[in-house]
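1. Make a model of this:
(one chain, ligands or ions: 1)
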Amino acid sequence: MIFELPKLKYEYGALEPWIDAKTMEIHYTKHHQAYLDKLNKAVEGTELDNKEINEILSDIENIPGNIRNAVVNNGGGYANHSLFWQIMSPNGGALPNNSLIKAINAKWKSFNNFKQDFSNASLGLFGSGWIWLVIDESKELEIVSTKNQDSPISDGKIPILCLDVWEHAYYLKYQNKRADYISAWWNVVNWKKVEELFENVLN
Ligand code: MN
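-> Numbering: from 1, shown residues only. As a prediction, this is how the structure comes out:
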């Protein structure tokens with residue numbers, strides 16, 4: 001095994017009632033595990049098997065053509081979920097602090113405007129994908145979306161917050177009500193982690 005499943009720092013039920021235990025369990029042990037297994041299978045015995053996943057995704061032109069799709073899809077799935085678990089916490093919600101809230105307010109005027117824009121993007125994404133808060137090439141905050149398991153790292157951006165809007169992320173509890181999932185999710189955002197990622201990039 002080359003890449004490994006990162007340990008969850010909380011129990012499957014820890015994000016209840018916002019994210020239910022069954023969804024967490026299936027999402028982590030089945031979906032995330034499947035991306036990992038397929039990624040490992042694709043890179044085994046290639047030059048990629050000693051590289052960091054973010055390094056690989058930041059330079060997808062250099063992935064050998066015969067495994068490029070598999071690595072983009074499954075390496076993206078592996079990396080995206082690894083970040084997603086970290087930016088959620090049973091002690092999440094509320095507001096970011098310090099430099100991050102200043103940067104959000106500078107860009108969106110208020111946290112509520114930011115939240116509205118991020119939620120609208122999440123609701124408006126057709127099909128399966130992710131919504132991200134990233135730091136772009138000019139060190140500016142930006143909300144972007146990606147299709148499937150594509151990573152904003154492949155576009156030269158550094159993700160600090162992400163929301164999985166694939167139906168597998170919410171269907172058991174919310175069925176077709178993506179808007180309810182999105183508004184519930186804000187209650188578990190681990191702003192401490194998001195701030196840490198933000199400060200790592202800017203300092
Ligand atoms: Mn997912």
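2. what about Trp186, distance to the ion?
-> The gap separating Trp186 from the ion is 18 Å, by Cβ to the ion, to the nearest Å. Heads up, the C-betas are built off the backbone N, CA and C, glycines and all.
3. show me the contacts for that residue.
-> Each residue near Trp186 by Cβ atoms under 8 Å, 6 or more residues apart in numbering is listed here: Gly93, Lys115, Ser119.
4. for stretch 93-100, which positions count as buried?
-> Using 16 or more other Cβ atoms under 10 Å as the test for burial, stretch 93-100 gives Pro96, Leu100.
5. What of stretch 137-155?
-> For stretch 137-155, a neighbour-count test (16+ other Cβ under 10 Å) marks Leu141, Ile143, Ser145, Thr146, Gln149, Asp150, Ser151, Pro152, Ile153, Ser154 as buried.
6. now, which of the contacts of Trp186 sits nearest Val165?
-> Checking the contacts of Trp186 against Val165 by Cβ to Cβ gives Ser119 as the nearest, at 10.7 Å.
7. what does the chain put close to the ion?
-> Taking Cβ under 5 Å from the ion, the part of the chain that reaches the ion is made up of Asp164, Trp166, Ala169.
8. Show me the residues you listed that map onto strands.
-> Asp164 (DSSP state E).
9. In the contacts of Trp186, which has the lowest confidence score?
-> Minimum pLDDT for the contacts of Trp186 is recorded at Gly93 (89).
10. burial measure for the residue nearest to Tyr10 when sequence neighbours are not counted, as a count.
-> Using Cβ to Cβ, 6 or more residues apart in numbering and skipping the chain neighbours, the partner closest in space to Tyr10 is Pro90 (5.5 Å). By other Cβ atoms under 10 Å, 17 other residues sit near Pro90.
11. got it, and Pro6?
-> For Pro6, the count of nearby residues is 15 (other Cβ under 10 Å).
12. Let's verify it: helix, strand, or coil?
-> With DSSP: H, G, I helix; E, B strand; the rest coil as the basis, the three-state label of Pro6 is coil.
13. The nearest residue to it once chain neighbours are set aside and Phe118: what is the separation?
-> Leaving out its chain neighbours, the residue that sits closest to Pro6 by Cβ to Cβ, 6+ apart is Ser82, at 5.0 Å. Distance of Ser82 to Phe118, given as Cβ to Cβ, to the nearest Å: 20 Å.
14. helix, strand or coil for the closest residue to Glu47 other than its chain neighbours?
-> Nearest residue to Glu47, sequence neighbours excluded (Cβ to Cβ, 6+ apart): Pro64, at 7.8 Å. Secondary structure, three-state DSSP: Pro64 is coil.
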